[in-house]
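1. Generate a structure from the sequence data that follows.
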Amino acid sequence: MNRRQQLWMLIGLTIAVVMAAFFLPAVSQPAAYHQFADQRSFLGIPNFGNVVSNLAFLLSGGAGLAYLLRIYQMPAQKAFFNKIECLPYGILFFSVIATALGSMVYHWIPDNVTLLWDRLPIAIAITALLAATISERVNPVLGLWSLPILTGLGIVSVLYWYWTEQQGAGNLNYYAVIQFYSIFLIVLLSLCYPSRYTCAQDIYQVIALYAAAKFTELLDMQIYRLSDDLVSGHTLKHLLAAWAVYRIVQMLQKRVLLTE
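-> Residues are numbered from 1 along each chain as shown. This next block holds a predicted model:
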């Protein structure tokens with residue numbers, strides 16, 4: 001199967017997934033979603049562990065932005081063939097910082113209004129990484145053109161979820177597509193298309209860390225109890241996801257353009 005056939009196959013799969021999200025019954029948010037395992041307060045901060053663990057996102061996102069600003073001023077940098085290719089990563093790291101702030105507010109006052117500001121930057125960050133993957137593995141122009149479209153769809157998916165919650169019948173289908181199918185598509189693109197840069201295999205470590213983060217999120221209470229109330233699964237989720245972001249920073253720091 002040649003590159004064009006692979007691309008059309010992935011486009012067809014994407015259309016099928018979106019259609020499934022449209023026709024399948026709506027996945028609603030659990031009624032107890034805002035009830036996290038660790039609700040302890042400390043130093044006057046409610047839900048201390050889940051609030052403060054977001055500092056890891058500030059550090060990893062800040063490290064990413066600092067690196068991009070530094071290499072943007074270096075005429076001989078080798079991390080990007082064209083400096084415009086920094087744009088998806090810039091949006092990614094900025095969104096990670098916004099996620100830290102949004103998640104802090106959400107865990108301080110957990111409700112659907114504050115959750116909106118937590119989920120918006122998450123959707124933007126994931127779709128920005130997808131656009132970066134398209135740029136580096138399929139076509140640079142296609143990747144950059146897809147950036148506003150993908151991030152826009154991410155924003156719409158969150159706004160749609162929030163609107164359905166306001167109507168009394170929450171629907172997470174499209175947000176789930178953005179969050180989970182985008183990650184799956186990054187893996188498929190990485191398997192089907194070689195990167196133009198070295199250290200490209202590091203993306204699998206990033207995906208593995210993010211998958212581990214989602215797994216610990218599901219085991220929020222179980223991890224809290226197993227750790228003798230030391231740390232919750234949701235707090236670990238924040239730390240693992242921030243580590244995944246920092247692995248992206250490290251990947252960019254090490255890589256160079258492959259020669260033909």
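2. And stretch 185-194, what's buried?
-> By 16 or more other C-beta atoms under 10 Å, the buried positions in stretch 185-194 come out as 185, 186, 188, 189, 190, 193. All C-beta spots, glycine's among them, are computed from the backbone N, C-alpha and C.
3. residues in contact with it?
-> 3, 6, 10, 13-14, 129-130, 133-134, 137-138, 200, 203-204, 207 (C-beta atoms under 8 Å, 6 or more residues apart in numbering).
4. now do stretch 14-23
-> Counting by C-beta under 8 Å, 6+ apart, 173, 174, 176, 177, 181, 185 sit against stretch 14-23.
5. Return the distance of that stretch from the chain's centre.
-> In this view, stretch 14-23 has its centroid 21 Å away from the chain centroid, taken as C-alpha atoms, centre = their mean, to the nearest Å.
6. Also stretch 94-104?
-> 11 Å.
7. what about dumping the CA coordinates of that stretch to PDB?
-> C-alpha atoms of stretch 94-104 as PDB (Å, rounded to 0.1, in the frame of the first residue of the first chain):
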ATOM      1  CA  PHE A  94       0.900  27.100  25.600                       C
ATOM      2  CA  SER A  95      -2.200  24.900  25.900                       C
ATOM      3  CA  VAL A  96      -0.500  22.700  28.500                       C
ATOM      4  CA  ILE A  97       0.200  25.900  30.600                       C
ATOM      5  CA  ALA A  98      -3.500  26.900  30.100                       C
ATOM      6  CA  THR A  99      -4.500  23.300  31.200                       C
ATOM      7  CA  ALA A 100      -2.500  23.800  34.400                       C
ATOM      8  CA  LEU A 101      -4.400  27.000  35.200                       C
ATOM      9  CA  GLY A 102      -7.800  25.600  34.100                       C
ATOM     10  CA  SER A 103      -7.300  22.400  36.000                       C
ATOM     11  CA  MET A 104      -6.200  24.200  39.200                       C
END
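8. Return the set of buried residues in that stretch.
-> Quick answer for stretch 94-104 (16+ other C-beta under 10 Å): 94, 95, 96, 97, 98, 99, 100, 102, 103, 104.
9. For the fourth one, give me its contacts.
-> By C-beta under 8 Å, 6+ apart, the residues touching residue 97 are 57, 58, 61, 62, 65.
10. go on, the last one?
-> The contact partners of residue 104, by C-beta under 8 Å, 6+ apart, come to 51, 54.
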